[in-house]
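# pasted the sequence and its predicted model underneath.
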Amino acid sequence: AQKVTQAQTEISVVEKEDVTLDCVYETRDTTYYLFWYKQPPSGELVFLIRRNSFDEQNEISGRYSWNFQKSTSSFNFTITASQVVDSAVYFCALSETYSTSGTYKYIFGTGTRLKVLA
Amino acid sequence: SQTIHQWPATLVQPVGSPLSLECTVEGTSNPNLYWYRQAAGRGLQLLFYSVGIGQISSEVPQNLSASRPQDRQFILSSKKLLLSDSGFYLCAWSVWGAPGGRQYEQYFGPGTRLTVT
C-alpha cells in the first residue's frame, strides 16, 4: 500500500534559521511522483514542487531546496534563512501513476506545521 | 491562466440543514475535479472526484454527495448536515494528459470553512 509519513507534527524555529521538513514515502510503483504543498493560514494549498521518481537531482528554488533520495524513500524539504512568512502547514504527497479511473489520486502526509518566530 | 473559485468562503449551518458548496474552474477545459475535506488540525481526505460531466466517484461513504452539472463546475451537497461534517473543504483540479508530468499536478482553490452547530 502507498503511504506518506511526515513524522514532524510541528516545528518552531527562530527567523533566519534553516529548517528541514521530513517526508518518507512507501510505494510499490517503480514510477511515481512526489509533491510538496504549502498551506498558509488563509487555507489554500499552494503547489511548490513536483518530482518524478527517475529524477534524483536535488532542486533549489531561492531559499527552498528539496532532497530526493530513492534509497531511503525520502523527499525532504529545506528552507534556508527562514522568514515569518514561511509559517504554514506543509504537506508532502505521493501520486499514483497507473490509473483506470481517468485521474491520478494523491496520498497526502498529515502535514508539518512550521512556526517561524521573529 | 487557470483560476479556481470556491464559495462561500465560510459557512455556519445548524445540524440537519442542507448544504451546497460550489467550485468553478476557469481557463481550462475538461479538468478533473476533486473535493477534499480537512478536519481541524488534520490532513486531507479525498471525498469525491470527477473526470467529466455527470461522472462522480466517491472515495468515502458519508453524508455528502457531489455533482458536476457543467464541465468546470463541481458542487458538494448534503441533505442533512451532521456535526462531523464540520471542516475545511477544498476543491482542486488537474488535467488528464497534460504534458511533461503536469497531469499529475493538482491545483487547489481557496477553500470553504464549514462549521456545523
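Here it is on my side, so go on.

# okay, CA-based contacts and neighbour counts for the rest of this
Fine.

# how about the residues of chain B near chain A?
B:32, B:42-44, B:51, B:90, B:96, B:101, B:104-111 (CA under 8 Å from any CA of the partner chain).

# buried only: go through the residues you listed for me.
Neighbour-count burial (16 or more other CA atoms under 10 Å in any protein chain shown) applied to these gives B:32, B:43-44, B:51, B:90, B:96, B:104-111.

# A:Arg63: neighbour count?
For A:Arg63, the number of neighbouring residues by other CA atoms under 10 Å in any protein chain shown comes to 12.

# was I right to think it contacts A:Ile79?
Yes: the pair A:Arg63 / A:Ile79 is scored as a contact, 5.6 Å apart, by CA atoms under 8 Å.

# contacts for the lowest-mean-pLDDT helix or strand in chain A, please.
In chain A, the helix or strand scored least confidently by mean pLDDT, DSSP states H and E is strand A:59-61, which has a mean of 86. With contact meaning CA atoms under 8 Å, 6 or more residues apart in numbering or on different chains, strand A:59-61 is reached by A:65-67.

# cool, and stretch B:83-99?
Contact with stretch B:83-99 is made by A:44, A:102-103, B:4, B:6, B:15, B:23, B:25, B:30-40, B:63, B:102-117, as judged by CA under 8 Å, 6+ apart.

# ChimeraX command to pick out the buried ones of those?
For the buried members of these, the matching ChimeraX selection, counting by 16+ other CA under 10 Å, is:
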select /A:44,103 /B:4,6,23,25,30,31,32,33,34,35,36,37,38,39,103,104,105,106,107,108,109,110,111,112,113,114,115,116
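
# ok, the most far-flung residue of chain B relative to its centre - contacts?
The centre of chain B is farthest from one residue, B:Gly100, which by CA atoms, centre = their mean lies 25.6 Å away. For B:Gly100, no residue meets the contact criterion (CA under 8 Å, 6+ apart).

# ok so, going back, give me the sheet partners of the least confident helix or strand of chain A and which way each runs.
With DSSP bridges as the test, strand A:59-61 is paired with strand A:64-69 (antiparallel).

# skip the chain neighbours and tell me the closest residue to B:Gly27.
For B:Gly27, ignoring the flanking residues on the chain, the nearest one in space by CA to CA, 6 or more residues apart in numbering or on different chains is B:Gln2 at 4.3 Å.

# over to B:Leu33?
Once flanking residues are discounted, B:Leu33 sits nearest to B:Trp93: 4.5 Å by CA to CA, 6+ apart.

# what's the answer for A:Glu10, then?
What sits nearest to A:Glu10 in space, not counting adjacent residues and going by CA to CA, 6+ apart, is A:Arg113, at 4.5 Å.

# swap in A:Glu17?
A:Glu17 sits nearest to A:Ala81 (CA to CA, 6+ apart), 5.0 Å away.

# give me the neighbour count for that neighbour.
13.

# surely it is within a helix?
No: read with DSSP: H, G, I helix; E, B strand; the rest coil, A:Ala81 is coil and lies in no helix.

# contacts only, for it.
By CA under 8 Å, 6+ apart, the contact set of A:Ala81 is A:15-18, A:63.

# kindly reformat those as TSV containing secondary structure and distance to A:Ser87.
TSV is the format used below for the contacts of A:Ala81 (DSSP: H, G, I helix; E, B strand; the rest coil; distance: CA to CA, whole Å):
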residue	secondary structure	distance to A:Ser87
A:Glu15	coil	10
A:Lys16	coil	12
A:Glu17	coil	13
A:Asp18	coil	13
A:Arg63	coil	14
